[in-house]
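Engineer: Pasting a predicted model and its sequence here:
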Amino acid sequence: MNQQQALYKYCVGLGDDALIQSYRLSEWCRNAPILEEDLALTNFALDMTGRAQVLLSYAGKVEGAGRTDDDLAYRRAERQFYNHLIMELPNGDFAFTMARLLFTATYEYYFFTELKNSADHDLAAVAAKTVKEVKYHMAHATDWVLRLGDGTEESHNRMQKAVNELWMYTHELFATDPDVAMLRDGNIAVDLAVVKSAWLQFISRTLTEATLAVPADGYQQTGGAAGIHTEHMGHILSEMQYLQRAYPDATW
Amino acid sequence: MELVEKTDQAQAELLKNFEEKINRGDAIEPKDKMPDAYRKHLIRQISQHAHSEVIGMQPEGNWITRAPSLRAKQILLAKIQDEGGHGLYLYSAAETLGISRDEMIQLLHSGKAKYSSIFNYPTLTWADIGAVGWLVDGAAIVNQVSLQRTSYGPYSRAMVRICKEESFHQRQGYEIMAKMMQGTKEQREMAQDAMNRLWWPSLMMFGPHDSESPRTSDAMKWRIKRHSNDELRQKFIDKTVQQAEVIGLTVPDKDLKWNEAKGHYDHGPIDWDEFYRVVNGNGPCNKQRMDHHIRVHNEGAWVREAAEAYRKKKENLN
Amino acid sequence: MATDSQFALWEVFIQSKPGANYIHAGSVHSSDKKMALQNARDTYTRRGEGTSIWVVPSDAIVASNPDDNDMLFDPSNDKVYRHPTFYVMPGGAKAI
């Protein structure tokens, strides 16, 4: 993989994280526990769709084969998606979704804070905008994790279960994809070790405050960087890409 | 006996003052004295309006995960989010009349409160998302623009905000239809099919003919409604027929023709049997819509309880 | 009696730009203060309407009674000397 291919993959991975996460959050629209939360989750999904648009457009530009953001979102096959697995897991209950949002938004907050200093000016610009968005997602998720963790016995149990189930997917967020390792040399990509330590500190503090146990590290599932997904991914794509695949000659 | 007479007199006085105020064009505010019938009419109308916005999220929500481009997905999400927001504004307006949102939701679930029947029709293809925006929101906005001048202050203020936000909704729907009519044969067929299915239910959104509408006279007298059902329906037809022609869609009404003398379109008879059947619970999606709303409400109960429990714990610490 | 499932009602005031008055925008339901602020943000500033938000529990708002309007507001109608146009200025005086 040369530098250009590595940059393409890096951008697509970031774009896919936003795209798939927005897909899951948008499933909450009309399904939230209270009307106000419907509006909040839709706002987050909109932030993420916008981010996916910018990152996938840029990936297409880097690739130089004339593919647009929509081409990349709607015409790639499952093995060509590079999002982290945690993004594609089904929503579960509200506790699961909020625990995931806490984990991913905290990761994104520290990740994009670092990426603001990227030598790639396009990525740095996306990062500057994204940091503001995800800071809010992180605050919202933190508050809900506190409420549910320290709420009723039922909510506590549901939240602890969600945290435990998600834990094995968090390791992947900080694992460097060997394909893009070269981007570190040019100061384009983020040092994930920095992100990891900040993430772990914030998450441990928040879980503790929420009267939740920080899970012990055990088996860690990875695969997104290699395009090896969970079984859920194929169902996301078959739904998301339905119109583009069924009517390949149509524009919408 | 004397007491009753006094009360009657007081009631008559109240009504007189109230109607004078209405006739002066003054807005009625929550703490103003108002006849019970006015309050009840408003609660029924505003809560029905709020429920319609919220239930209306479902047929459109049906296509969020299948929107065919990132742009289309953003537009659809933003639009459905607006509907939720509009439901919220309207619930708040009704709450100023002394009913809680919780009570309104219970009345919806028990079937005592209604919502617009249009949302009991399914969204079967992507073109339906276009048709809902163009026709359904188009019909709604004709009504809502008129309601901006409704006599009850909080309702009027909610309608002003809603109209401002809704202005993109109809345009985005029309854009979808226009794009599909310029597309492949399959897309054009889809668009026409959506038009065929949603045209008549859209006309029904304005409610029964004025001659059949029992509550219209009080509502007009008290300036809750500012235009009659038939006036608003006619306005919608007149502007929409022209828009259909521009993009090459056929209005599915063989009796539709321009009436030069009246300056309006004449249209064929509306199937009121269908209207009343759906209003009374037997439409394609009535059960599905209500089951969904009840299920989501019940599934969220533990979350809401936890939030309240957390707040109480924290209050006790201070 | 079953408890209310919809949280408490809060009133939302939005400042549209720095220095401007806070204007009542509407209401939201929320369990606690932080949720009220976030819900207000997600409901009432979706189109760049605001630079600052206040939220106030609705039951903390005290409203005047319309029956008292005569007493409260009419007496100020004839106090013309509170308005600058009441005063006669000598001709030729500038910047006053």
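Structural biologist: Sure thing, it's come through.
Engineer: buried stuff in the one helix or strand in chain C whose mean pLDDT sits lowest?
Structural biologist: Lowest mean confidence among the helices and strands of chain C (mean pLDDT, DSSP states H and E): helix C:69-73, at a mean of 93. Buried residues in helix C:69-73, defined by neighbour count with 16 or more other C-beta atoms under 10 Å in any protein chain shown: none. Yep, even glycine has a C-beta here, placed from its N, CA and C like the rest.
Engineer: Could you do stretch B:203-218 as well?
Structural biologist: B:L203, B:M204, B:M205, B:F206, B:G207, B:P208, B:S213, B:T216.
Engineer: shouldn't the last one be in contact with B:S228?
Structural biologist: This points to B:T216. Yes - assessed by C-beta atoms under 8 Å, B:T216 is found in contact with B:S228 at 6.1 Å.
Engineer: picking up where we left off before, which one of the buried residues of stretch B:203-218 sits closest to B:Q148?
Structural biologist: B:F206 (16.8 Å; C-beta to C-beta).
Engineer: Phi and psi next, for the closest residue in space to the closest one that isn't next to it in sequence.
Structural biologist: Leaving aside its sequence neighbours, B:F206 sits nearest to B:R233 (C-beta to C-beta, 6 or more residues apart in numbering or on different chains; 4.0 Å). Dihedral pair for B:R233: phi -60, psi -40, per degrees, to the nearest 10.
Engineer: what's the answer for C:L9, then?
Structural biologist: Phi and psi for C:L9, reported as degrees, to the nearest 10, are phi -90, psi 140.
Engineer: What residues are recorded as beta-bridge partners of it?
Structural biologist: Using DSSP bridges, the bridge partners assigned to C:L9 are C:H29.
Engineer: what's it in contact with, if anything?
Structural biologist: Residues near C:L9 by C-beta atoms under 8 Å, 6 or more residues apart in numbering or on different chains: B:S92, B:E95, C:S27, C:V28, C:H29, C:P57, C:S58, C:D59.
Engineer: Please indicate which of these are buried?
Structural biologist: Among the contacts of C:L9, those classed as buried by 16+ other C-beta under 10 Å are B:S92, B:E95, C:S27, C:V28, C:H29, C:S58.
Engineer: returning to what we had before: go through the buried residues of stretch B:203-218 and flag which are in helices.
Structural biologist: Of the positions in those, B:L203, B:M204, B:T216 sit in helices, assigned by DSSP state H.
Engineer: What parts of chain C come near chain A?
Structural biologist: C:6-7, C:28-32, C:34-35, C:38-39, C:42-43, C:46 (C-beta under 8 Å from any C-beta of the partner chain).
Engineer: which of those residues tops the neighbour count?
Structural biologist: C:V28 (29 neighbours; other C-beta atoms under 10 Å in any protein chain shown).
Engineer: residues in contact with that one?
Structural biologist: Per C-beta under 8 Å, 6+ apart, neighbours of C:V28: A:E36, B:L88, C:L9, C:W10, C:V12, C:A36, C:N39, C:A40, C:T43, C:Y44, C:V55.
Engineer: List the residues that contact residue 64.
Structural biologist: Answering for chain A, as no chain was given. Residues near A:G64 by C-beta under 8 Å, 6+ apart: A:Q4.
Engineer: should've been chain B
Structural biologist: Neighbours of B:I64 in contact, by C-beta under 8 Å, 6+ apart: A:S26, A:E27, A:C29, B:K73, B:L76, B:L77, B:I80.
Engineer: same question, B:F206
Structural biologist: Here B:F206 is in contact with B:A139, B:V142, B:N143, B:N229, B:D230, B:L232, B:R233, B:F236 (criterion: C-beta under 8 Å, 6+ apart).
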